[in-house]
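In: The following block contains a protein sequence and its predicted model.
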There are 6 protein chains.
Amino acid sequence: MTGTERFERGWEKLMEVDGEGGKRVVDSLQAVAPDLARYVIEFAFGDIYSREGLTLQQRQLVTLAALTAQGGCEPQLQVHVNAALNVGLTPREIVEAVMHCTPYSGFPRVLNAMFVVKRVFEERQLIEEV
Amino acid sequence: MTGTERFERGWEKLMEVDGEGGKRVVDSLQAVAPDLARYVIEFAFGDIYSREGLTLQQRQLVTLAALTAQGGCEPQLQVHVNAALNVGLTPREIVEAVMHCTPYSGFPRVLNAMFVVKRVFEERQLIEEV
Amino acid sequence: MTGTERFERGWEKLMEVDGEGGKRVVDSLQAVAPDLARYVIEFAFGDIYSREGLTLQQRQLVTLAALTAQGGCEPQLQVHVNAALNVGLTPREIVEAVMHCTPYSGFPRVLNAMFVVKRVFEERQLIEEV
Amino acid sequence: MTGTERFERGWEKLMEVDGEGGKRVVDSLQAVAPDLARYVIEFAFGDIYSREGLTLQQRQLVTLAALTAQGGCEPQLQVHVNAALNVGLTPREIVEAVMHCTPYSGFPRVLNAMFVVKRVFEERQLIEEV
Amino acid sequence: MTGTERFERGWEKLMEVDGEGGKRVVDSLQAVAPDLARYVIEFAFGDIYSREGLTLQQRQLVTLAALTAQGGCEPQLQVHVNAALNVGLTPREIVEAVMHCTPYSGFPRVLNAMFVVKRVFEERQLIEEV
Amino acid sequence: MTGTERFERGWEKLMEVDGEGGKRVVDSLQAVAPDLARYVIEFAFGDIYSREGLTLQQRQLVTLAALTAQGGCEPQLQVHVNAALNVGLTPREIVEAVMHCTPYSGFPRVLNAMFVVKRVFEERQLIEEV
């Protein structure tokens, strides 16, 4: 991968936000589509996440909602529930953000997302803090 | 419509958040499915929007993202871009929230949503403030 | 178009279920993709709608729900709300079927569908019967 | 959870329709988002399922179609194929309802749903009755 | 299953394109919905895949994109990545086709699809050829 | 907008592929979200469309399928049916590509897309060439 300024900025942001979960996605793409990993770093994190105008906590609220509403994004939700905690959203805020999607996306999408939230909270021993 | 406490709480919240746009949706349902309007008021606003744990500004970020990501929700986005302004999100924050969905939902969903944002900003003469 | 038995059976079923609305879709495809119209007739109506095991009223409940839940199918819903009336579902049953999708698909999908229902009922002067 | 009339009505309906499958979903939410379980009971079952205007069999046809068409709802389909049997739909009607979605939603959504149907029928030893 | 000409043509095409993966899907439907398998053969392969106007390689590019963009079609993607190789698309072309969906469908849909590509390439020991 | 190499490469590719339709989208974003236009140019066209490994004709087949399958992307389809013609796909190939999505995405998605194809062909007086 090339060491451009955009890539460096994206890599730092990816580490700050997604941490180990992000690194695992990048690593798992190396054998099949390393450029796709590079675009995640350069575009999603170097361009979009590095913008001003919203805090990282606000960006993670948006991310959680987009992934919940879209459906079929459980692996990405797993990374981004962790990311939401990493940037300082509380367990309660994460649960509320997912639950807030119910009137817009219906119970099935929200239940699928909430069970991912539950699994991450169990892994990080946060389940009592909700 | 019955005047239960839940309904009253939901109606006040609907007026605070969606204002005229919300009232128009409720009115337009009276001839065909008044109970659907009642559920919007009681469940979406009386239950969900009235919860603690997130500010109304945070809830509108989540709403904008869910509607953008889901696609085909342009009429609801029109109401909720107005709602986002009503609860105090800045034009810049609204644009950023929609743009933040790009890596998750792709350009078409985001373009469709952004053109709704543009139309609402033009109506409210906010287009220079972005 | 060829006059196979499957085509004939499909055409009769299309006329019985969708009537003029179905014929308009078929006609509008002749200049660009007549075979697509043929597949609608042969497969959707000659194969699927002609099966035993569900009544036409049950099939229209399923169709209304699938189109509501999927989103972005307002033109097809317009045809199939008419079809639902054609096969004997009451206005009340149609409204209830669409409203029943709310917990599964959320309010935006259901609102979009309900406004199609409203328009068809107005065209057929059924709006007081709901 | 509060013992309101709406909650009681919803709980009875949930038990009648979903039975054990519904109870398991409610239980699994207690540690992370008990209010989400309460809304399933109060809104989905206490409000929507308790309405008149459609039989429970008609409601389950609508539910099966919405979940099939929407995609990514296999866990909810598992509960609601059981529910469809619980309220008296025959195995044949369930298979037909899912198959009827093919022209509207395409083969992948229908295949994913049909394999859930198959698994439930095997568990309930109904596979020969189709 | 009946031995009509359309069925025969579809079966041959299914064997040519999907091979063993297609046969497994057909077999797994026999106990629950054999007619659904027949429609896959007759309509998807006997009608659509047997048309002129596009090569089988072009058709598989279209199939990969539709399944990637739609989401929740991982089992079908597994069959059709194999099919893409069977009709002569190179591993590189398959990776590029899936990656090309990123601006349209976003990273989560593309990542989910790419991990299916990776698994198929590993099974067929093609991972170094990308 | 900055005149980086990536931007220049993307702009040339956008002009080659989308032409006037692409320029209109870029222009219409200037007042509300100019950076979103820049990302379309830099990422979608400067990065993805400029890759080797697929011809522009293959890339447009993939694009048509992704937009058709996803639903709610009619404005983008309008641009990309024109783009498909611009890079040398024949009217017949475009119709076949959209029709090929039927077994995967169902008739409603394909009908919505085909009516966009029809409108573009009429505008470019290609309707007899299908």
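Out: Nice, I can see it.
In: Find the nearest non-adjacent residue to residue A:118, please.
Out: residue D:32 (4.2 Å; C-beta to C-beta, 6 or more residues apart in numbering or on different chains). Where C-beta positions appear, they are placed from N, C-alpha and C, glycine not excepted.
In: who are the neighbours in contact with that neighbour?
Out: Listed by C-beta atoms under 8 Å, 6 or more residues apart in numbering or on different chains, the contact set of residue D:32 reads A:95, A:114, A:117, A:118, A:121, A:127, A:130.
In: Out of these, which two are the most distant from each other?
Out: A:114 and A:127 (12.4 Å; C-beta to C-beta).
In: From chain F, how far off is the residue nearest to residue A:118?
Out: Computed with C-beta to the nearest C-beta, to the nearest Å, the distance linking residue D:32 and chain F is 31 Å.
In: Next, that residue: secondary structure please.
Out: coil (DSSP: H, G, I helix; E, B strand; the rest coil).
In: okay, it: pLDDT?
Out: The model reports residue D:32 with a pLDDT of 97.
In: Count residues in the vicinity of the nearest residue to residue A:53 once chain neighbours are set aside, would you?
Out: Leaving out its chain neighbours, the residue that sits closest to residue A:53 by C-beta to C-beta, 6+ apart is residue B:96, at 4.0 Å. If you count neighbours by other C-beta atoms under 10 Å in any protein chain shown, residue B:96 ends up with 23.
In: one step back: the more surrounded of residue A:114 and residue A:127?
Out: Each of residue A:114 and residue A:127 has its neighbours counted (other C-beta under 10 Å); residue A:114 has more, 25 against 16.
In: Residue E:27 versus the residue most central in space within chain A, what's the distance?
Out: With distances taken as C-alpha atoms, centre = their mean, residue A:80 lies nearest the centre of chain A, 2.2 Å away. Distance, residue A:80 to residue E:27, using C-beta to C-beta, to the nearest Å: 39 Å.
In: How much space separates the residue nearest to residue A:118 from chain E?
Out: Distance of residue D:32 to chain E, computed by C-beta to the nearest C-beta: 22 Å.
In: what do you get for residue A:102?
Out: Taking C-beta to the nearest C-beta, one finds residue A:102 at 20 Å from chain E.
In: unless I'm mixing things up, that residue is touching residue C:107, no?
Out: No - look at residue A:102 against residue C:107 with C-beta atoms under 8 Å: they stay out of range, at 9.5 Å.
In: more neighbours, the two?
Out: Neighbour comparison, residue A:102 and residue C:107: the larger count goes to residue A:102, with 27 against 23 (by other C-beta under 10 Å).
In: For residue A:101, which residues are in contact?
Out: A:65, A:68, A:69, A:109, A:110, A:113, B:62, B:66.
In: Would you reformat those residues as TSV and include pLDDT, secondary structure and neighbour count?
Out: Converted to TSV, those look like this (pLDDT from 0 to 100; DSSP: H, G, I helix; E, B strand; the rest coil; neighbours: other C-beta atoms under 10 Å in any protein chain shown):
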residue	pLDDT	secondary structure	neighbour count
A:65	98	helix	31
A:68	98	helix	32
A:69	98	helix	30
A:109	98	helix	29
A:110	98	helix	25
A:113	98	helix	27
B:62	98	helix	25
B:66	98	helix	32
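In: hmm, which two among those are most spread apart?
Out: A:109 and B:62 (12.9 Å).
In: May I have the host helix or strand of residue A:39 exported as CSV, CA atoms only?
Out: Residue A:39 belongs to helix A:34-39 when elements are defined using DSSP states H and E. Only the C-alpha atoms of helix A:34-39 are listed here, as CSV (Å, rounded to 0.1, in the frame of the first residue of the first chain):
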residue,chain,number,x,y,z
PRO,A,34,-6.0,-5.3,-1.1
ASP,A,35,-7.2,-2.2,-3.0
LEU,A,36,-10.6,-2.5,-1.4
ALA,A,37,-8.9,-2.3,2.0
ARG,A,38,-7.0,0.8,0.8
TYR,A,39,-10.2,2.5,-0.3
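In: Which residues outside stretch A:76-88 are in contact with it?
Out: Identification of contacts with stretch A:76-88 by C-beta under 8 Å, 6+ apart yields A:16-19, A:21-22, A:25, A:56-57, A:59-61, A:63-64, A:67-68, A:91, A:93-94, A:97, A:113, A:116-117, A:119-121, A:124, A:126, B:104, E:107-108, E:111.
In: Can you flag the buried ones in the residues you listed?
Out: A:17-18, A:21-22, A:25, A:56, A:59-61, A:63-64, A:67-68, A:91, A:93-94, A:97, A:113, A:116-117, A:119-121, A:126, B:104, E:107-108, E:111 (16 or more other C-beta atoms under 10 Å in any protein chain shown).
In: can you pull the contacts of the residue nearest to residue A:53?
Out: Residue B:96 sits next to A:51, A:53, A:54 when contact means C-beta under 8 Å, 6+ apart.
In: Of those, just the buried ones, PyMOL syntax please.
Out: To isolate the buried members of the contacts of residue B:96 in PyMOL, using 16+ other C-beta under 10 Å:
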select buried, chain A and resi 53+54
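In: list the helices and strands the host helix or strand of residue A:15 packs on?
Out: According to DSSP H and E, residue A:15 maps onto helix A:5-17. Applying 3 or more C-beta pairs under 8 Å, 6 or more residues apart in numbering or on different chains; DSSP states H and E, we find helix A:5-17 packed against helix A:20-29, helix A:56-70, helix A:74-86.
In: how about CSV for the ones you listed, with distance to residue F:10 added?
Out: Shown next, in CSV, are the helices and strands packed on helix A:5-17 (distance: least, C-beta to C-beta, whole Å):
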stretch, distance to residue F:10
helix A:20-29, 23
helix A:56-70, 25
helix A:74-86, 26
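In: Among those helices, which one carries the weakest average confidence?
Out: helix A:20-29 (a mean of 94).
In: near chain E at all, that helix?
Out: Yes - counting by C-beta under 8 Å from any C-beta of the partner chain, chain E is contacted by helix A:20-29 at A:25, A:28, A:29.
In: which residues touch the second one?
Out: Put plainly, it is residue A:28. Contacts of residue A:28 (C-beta under 8 Å, 6+ apart): E:115, E:118.
In: Show the contacting residues for residue A:64.
Out: By C-beta under 8 Å, 6+ apart, the contact set of residue A:64 is A:77, A:80, A:81, A:84, A:94, A:97, A:98, A:113, B:62.
In: again but with residue A:89, I slipped
Out: A:57, A:60, A:61, A:97 are the contacts of residue A:89 under C-beta under 8 Å, 6+ apart.
In: swap in residue A:60?
Out: Going by C-beta under 8 Å, 6+ apart, the list of residues near residue A:60 reads A:17, A:80, A:83, A:84, A:87, A:89.
In: Just the closest residue of chain A to chain F, please.
Out: Nearest residue of chain A to chain F (C-beta to the nearest C-beta) works out as residue A:43 at 5.0 Å.
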